[in-house]
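Visitor: What would the 3D arrangement of this be:
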Amino acid sequence: GTGYFYIPGTETCLKIGGYVRYELGFGPDAYNPDGAIEANNESDWDSFARVQLDITAKSDTELGTLTGLASLRWEAGADTTFNDNTNTVYINEAYIQLGGFKVGRYYNPWDKGINGESDWNSAAGPASTTRMNSVGYFYTGDAFSAGVQLDELSRAGGQELGLEGIVTAKFGSVAFDLLGAYDFGAEEGAIRALLSAPVGPGTLQALAVYSTGPGDTYGNAYYNRGEWALAASYAFKATDRLTITPGGTYVWSAEAIGDDWGGDDAWRAGVTIDYTIVPGFVAKVTANYNDTPVNEFWDGFVRLDRTF
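Guide: A predicted model of the protein is given here:
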């Protein structure tokens, strides 16, 4: 494929890619929503820099394509003083895939949201990750795809598991996803439906989520923002370089009352602008207003990416 080259003397193709990012964010305790390092950041803005390096190896076998991905990130600047030159280095993704079989650390199906930056499509707080150590099998067809995977959901009290299943159907240019998951540690689950369709000069997307409960101290790993949620966005393709995407999310019963949902609702609305300055250099600006049972606030960011 594009960007791959053969390693001399082997049948393995290699691709090296990634990006360099600078991002300036704003909002309450920017990049530090829990206020854990208040001495370094009590302000409502902060910035950071990131380098992501992706190395992908592929080869053809009698059992299908064998793929290995190593994706690494280096970050500096968020919640640090100006004279602190320490860096945060971590694995973004590291997985092996043979045909439909996939194992390692990678983004799970809950990471797939809708266009823009205004959707609450996955869990928050201690459960706010869609990148887990998992093993799964995924079938990909032209009009129908499906997959199932087990996630390791480690907690302080011991090892737990999560189970996910997804089906995707395409009807011409219209796509529909149905995703279900169960967190055995929290003994709670969630279901999400996502619809995407071209409308006029852009793409209309919507998703709906049902969560059985908030879960334990760590939260329902798949959705712990409320009992029901509905999100939508419209990505308007203004020019070849400019896309404007308004969007929003509404969550019903957004408070954990014991081991059940209740209390006030929550909502979020905003707009995201994506602009390609030159090929390989893109800018993204987003601003959102948030109304939650705890507080009301604005947040967003200005992001510059040099991709390669």
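Visitor: Hmm, Tyr222 is touching Ala123, no?
Guide: Yes - here Tyr222 reaches Ala123: they are 6.1 Å apart, a contact under CB atoms under 8 Å. (Glycine included, C-beta is placed from N, CA and C.)
Visitor: Name the residue closest to the centre of the chain, please.
Guide: Asp111 (3.7 Å; CA atoms, centre = their mean).
Visitor: Skip the chain neighbours and tell me the closest residue to that one.
Guide: Closest residue to Asp111 apart from its sequence neighbours, by CB to CB, 6 or more residues apart in numbering: Thr130 at 3.7 Å.
Visitor: Also Gly99?
Guide: Nearest to Gly99 is Gly64, by CB to CB, 6+ apart, at 3.0 Å.
Visitor: Ok, Glu93 next?
Guide: Closest to Glu93 by CB to CB, 6+ apart is Ser71, at 4.2 Å.
Visitor: separation between the one you found and Ala269?
Guide: As judged by CB to CB, to the nearest Å, Ser71 and Ala269 stand 32 Å apart.
Visitor: Pick out whichever of those two has more residues nearby.
Guide: Ser71 (20 against 15; other CB atoms under 10 Å).
Visitor: partners of that one in the sheet?
Guide: When bridges are called by DSSP bridges, Ser71 pairs up with Asp54, Glu93.
Visitor: where does the stretch 101-250 of the chain dip in pLDDT?
Guide: The stretch 101-250 of the chain contains residues with pLDDT under 70 at 126-127.
Visitor: rerun at 90
Guide: Where the stretch 101-250 of the chain drops to pLDDT under 90, the residues are 121-129, 154-158, 215-219.
Visitor: how long is stretch 119-132 end to end?
Guide: Using CA to CA, to the nearest Å, the end-to-end distance of stretch 119-132 comes to 21 Å.
Visitor: residues making contact with it?
Guide: 92-93, 105-108, 110-114, 151-153, 162, 192, 207, 209, 215, 217-225, 229, 231, 233, 247, 249, 251, 268 (CB atoms under 8 Å, 6 or more residues apart in numbering).
Visitor: What separation is there between the residue nearest to Asp111 and Ala181?
Guide: Distance from Thr130 to Ala181, counting by CB to CB: 11 Å.
Visitor: Ok, Ala146 next?
Guide: 14 Å.
Visitor: Between the two, which is the more surrounded one?
Guide: Neighbour totals were compared for Ala146 and Ala181, and Ala181 leads with 24 against 16 (other CB under 10 Å).
Visitor: Tell me the helices and strands packed up against the helix or strand containing the more buried one.
Guide: Ala181 is located in strand 174-183, with elements delineated by DSSP states H and E. Packing contacts for strand 174-183, counted by 3 or more CB pairs under 8 Å, 6 or more residues apart in numbering; DSSP states H and E, involve strand 161-171, strand 188-199.
Visitor: List the buried residues of the last one.
Guide: Burial within strand 188-199, assessed by neighbour count using 16 or more other CB atoms under 10 Å, is assigned to Glu188, Gly189, Ala190, Ile191, Arg192, Leu194, Ser196.
Visitor: Arg44 contacts Phe26, doesn't it?
Guide: To be clear, residue 44 is Asp; Arg isn't right here. Yes - proximity of Asp44 to Phe26 meets the contact threshold set by CB under 8 Å, at 5.8 Å.
Visitor: So which of the two has more stuff around it?
Guide: Higher neighbour count among Asp44 and Phe26: Phe26, with 18 against 14, using other CB under 10 Å.
Visitor: quick one: contacts for the nearest residue to that one once chain neighbours are set aside?
Guide: Leaving aside its sequence neighbours, Phe26 sits nearest to Trp45 (CB to CB, 6+ apart; 4.5 Å). Residues in contact with Trp45 (CB under 8 Å, 6+ apart) are Leu24, Gly25, Phe26, Ala30.
Visitor: filter these to the buried ones?
Guide: Neighbour-count burial (16+ other CB under 10 Å) is assigned, among the contacts of Trp45, to Leu24, Gly25, Phe26, Ala30.
Visitor: measure the first one to Leu304 for me?
Guide: Leu24 sits 9 Å away from Leu304, taking CB to CB as the criterion.
Visitor: show me where the stretch 101-250 of the chain has strands.
Guide: Secondary structure of the stretch 101-250 of the chain by DSSP state E, counting those that start in this stretch: the strands cover 101-107, 131-140, 144-152, 161-171, 174-183, 188-199, 202-211, 228-237, 242-252.
Visitor: Select, out of the ones you listed, the one closest to Glu75.
Guide: strand 131-140 (14.6 Å; CB to CB).
Visitor: What pairs with the closest one, parallel or antiparallel?
Guide: strand 101-107 (antiparallel), strand 144-152 (antiparallel).
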